[in-house]
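Undergrad: Sequence and predicted model, in that order:
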Amino acid sequence: MKKHNFYAGPSIMSQFTIEETAKAVKDFADMGLSILEISHRSKQFQAVMDESVALFKELLEIPEGYSVLFLGGGASLQFAMVPMNMLIHKAAYLDTGVWASKAIKEAKLFGEVDVVASSKDRNYNYIPRDYTVPTDVDYFHYTSNNTIYGTEIRKDPDVPVRMIADMSSDIFSRPVDVAKYDLIYGGAQKNLAPAGVTFVIVKDDTLGKADRVIPTMLNYETHVKKGSMFNTPPVLPIFSALQTLKYYKKLGGVRVIEKMDMDKAEVLYNAIDGSKMFMATVPNHEDRSIMNVCFIMKPEYKDLEKDFIDFATERGMMGIKGHRDVGGFRASLYNALPMESVKALVEVMKEFEAKH
């Protein structure tokens with residue numbers, strides 16, 4: 001039976017990425033050695049790093065004056081590294097979910113934080129809109145996609161200050177005007193690579209302005225100067241990231257991927273909205289994530305939620321159980337997920353509904 005991977009992260013990788021990585025685990029760059037055991041200082045791996053940075057910049061059309069870094073520690077470490085390096089007097093944050101609130105908590109360790117708006121009052125099922133970003137802050141930070149609640153900001157906000165964004169779960173799913181940002185970061189385990197590497201896109205001239213003492217490993221300038229090689233980087237995930245970037249280029253780039261992702265999300269949301277049994281957790285269509293589709297049973301069918309998870313899992317739908325903070329179901333439609341999987345899930349939903 002074919003398996004359809006809807007896990008929220010670590011999540012589906014393209015078959016191209018998996019196959020090329022598997023080959024390199026056995027023999028990397030015709031060295032007769034595995035990617036697992038080669039030196040990160042070797043010319044063969046330096047070529048991987050260089051090509052990864054170049055493709056990252058090409059696919060996202062990153063302008064001159066920005067560095068692309070591959071670091072460890074996940075997005076969670078970035079919650080602290082960002083304010084440690086960037087917060088001088090005050091920062092503004094938008095609270096749209098668990099990961100945004102964790103970023104806010106870390107930022108408060110380093111200075112004043114103005115939470116300009118929050119959607120916590122409705123369990124984060126919408127994106128706040130009527131808020132003002134002060135002009136006297138060092139930066140405005142937001143989380144573009146909220147994996148737990150199924151909300152997403154798909155357009156670069158227009159604010160009077162430079163921005164920082166956590167794009168862990170929707171990077172490469174849409175064009176980004178990088179010039180609006182001082183820094184963009186994200187864990188790779190959704191749309192880029194296996195868990196273990198974190199990408200950072202940082203504007204070089206914004207660094208070095210904080211007057212606090214920053215530990216060497218937590219200073220972005222360290223990694224810019226050393227080309228992400230100050231310490232041993234996560235070699236295997238970076239190699240896998242390169243394969244994904246190659247795959248994205250072969251597909252036709254970010255605009256092609258965006259159209260594919262929008263089409264997948266439309267098929268699933270239409271099925272949910274047209275169902276007598278299921279309903280979306282995010283009522284406003286503009287706020288709905290195309291990466292993480294969250295839905296539940298309507299009240300009269302609430303007691304069938306576990307039955308549906310068991311039913312769907314038996315038919316190869318993997319990872320559709322919703323996060324404990326929301327309940328219900330979550331289908332993650334990341335870039336590597338084929339339309340075939342979305343249609344298979346819709347058929348399972350229809351079959352279950354017909355049965356009950």
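TA: Done, it's in.
Undergrad: was I right about Tyr124 contacting Leu94?
TA: No: contact criterion Cβ atoms under 8 Å: Tyr124 and Leu94 do not qualify, at 11.3 Å. The C-beta positions use only the backbone N, C-alpha and C, and glycine is treated the same way.
Undergrad: separation between the residue lying closest to Ala8 once chain neighbours are set aside and Gly316?
TA: The shortest distance from Ala8 to any non-neighbouring residue, by Cβ to Cβ, 6 or more residues apart in numbering, is to Ser332 (4.7 Å). As judged by Cβ to Cβ, to the nearest Å, Ser332 and Gly316 stand 15 Å apart.
Undergrad: Between these two, tell me which one has more neighbours.
TA: Neighbours were counted for Ser332 and for Gly316 using other Cβ atoms under 10 Å; Ser332 has more, 23 against 15.
Undergrad: ok now the one helix or strand Glu221 maps to, how far from the chain's centre?
TA: With secondary structure defined by DSSP states H and E, Glu221 is part of helix 220-225. Offset of helix 220-225 from its chain centre (Cα atoms, centre = their mean, to the nearest Å): 23 Å.
Undergrad: by contact count, what packs against that helix?
TA: Counting contacts by 3 or more Cβ pairs under 8 Å, 6 or more residues apart in numbering; DSSP states H and E, helix 220-225 packs against strand 66-71, strand 198-203.
Undergrad: Need those strands in TSV (columns: distance to Ala22 and mean neighbour count).
TA: Below are the helices and strands packed on helix 220-225 laid out as TSV (distance: least, Cβ to Cβ, whole Å; neighbours: other Cβ atoms under 10 Å):
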stretch	distance to Ala22	mean neighbour count
strand 66-71	21	22
strand 198-203	22	23
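Undergrad: how about CSV for those, with distance to Met49 added?
TA: CSV is the format used below for those (distance: least, Cβ to Cβ, whole Å):
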stretch, distance to Met49
strand 66-71, 7
strand 198-203, 12
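Undergrad: nearest to Pro299, of these?
TA: The closest of those to Pro299 is strand 198-203. By Cβ to Cβ, the value is 40.5 Å.
Undergrad: partners of Val115 in the sheet?
TA: Tyr93 (DSSP bridges).
Undergrad: residues contacting the nearest residue to Glu258 once chain neighbours are set aside?
TA: Using Cβ to Cβ, 6+ apart and skipping the chain neighbours, the partner closest in space to Glu258 is Arg174 (4.8 Å). By Cβ atoms under 8 Å, 6 or more residues apart in numbering, Arg174 lies in contact with Arg154, Val254, Glu258, Asp261.
Undergrad: same for the helix or strand harbouring the third one, what does it pack against?
TA: The reference is to Glu258. Using DSSP H and E, Glu258 maps to helix 254-273. Counting contacts by 3+ Cβ pairs under 8 Å, 6+ apart, helix 254-273 packs against helix 235-251, strand 278-280, strand 292-297, helix 339-355.
Undergrad: Could you identify which of these is most buried?
TA: Highest mean neighbour count among the helices and strands packed on helix 254-273 (mean count of other Cβ atoms under 10 Å): strand 292-297, with a mean of 24.
Undergrad: and the angle from it to helix 254-273?
TA: Per axes from the mean of the first three to the mean of the last three Cα atoms, to 10 degrees, the angle that strand 292-297 makes with helix 254-273 is 0 degrees.
Undergrad: For the residue nearest to Gly227 when sequence neighbours are not counted, the count of nearby residues, please.
TA: Excluding its sequence neighbours, the residue lying closest to Gly227 (Cβ to Cβ, 6+ apart) is Met49, at 6.8 Å. Met49: 20 surrounding residues under other Cβ under 10 Å.
Undergrad: show me what contacts Met49?
TA: Phe70, Gly227, Ser228, Met229, Pro233, Ile238.
Undergrad: just those residues now: which is nearest Thr147?
TA: Distances from Thr147 to the contacts of Met49, taken by Cβ to Cβ, are shortest for Phe70, at 21.5 Å.
Undergrad: in the sheet, who's paired with that closest one?
TA: Beta-bridge partners, per DSSP bridges, of Phe70: Phe199.
Undergrad: Go ahead and confirm it touches Ala193.
TA: No: with contact defined as Cβ under 8 Å, Phe70 does not count as touching Ala193 (9.2 Å).
Undergrad: Identify the contacts common to the two.
TA: Contacts common to Phe70 and Ala193, judged by Cβ under 8 Å, 6+ apart, are Ile238, Ala241.
Undergrad: Do you know the pLDDT at Asp263?
TA: Looking at Asp263, its pLDDT stands at 98.
Undergrad: got it, and Leu60?
TA: As summarised for this prediction, Leu60 has a pLDDT of 98.
Undergrad: what number of residues lie near it?
TA: Residues within reach of Leu60, counting by other Cβ under 10 Å, total 21.
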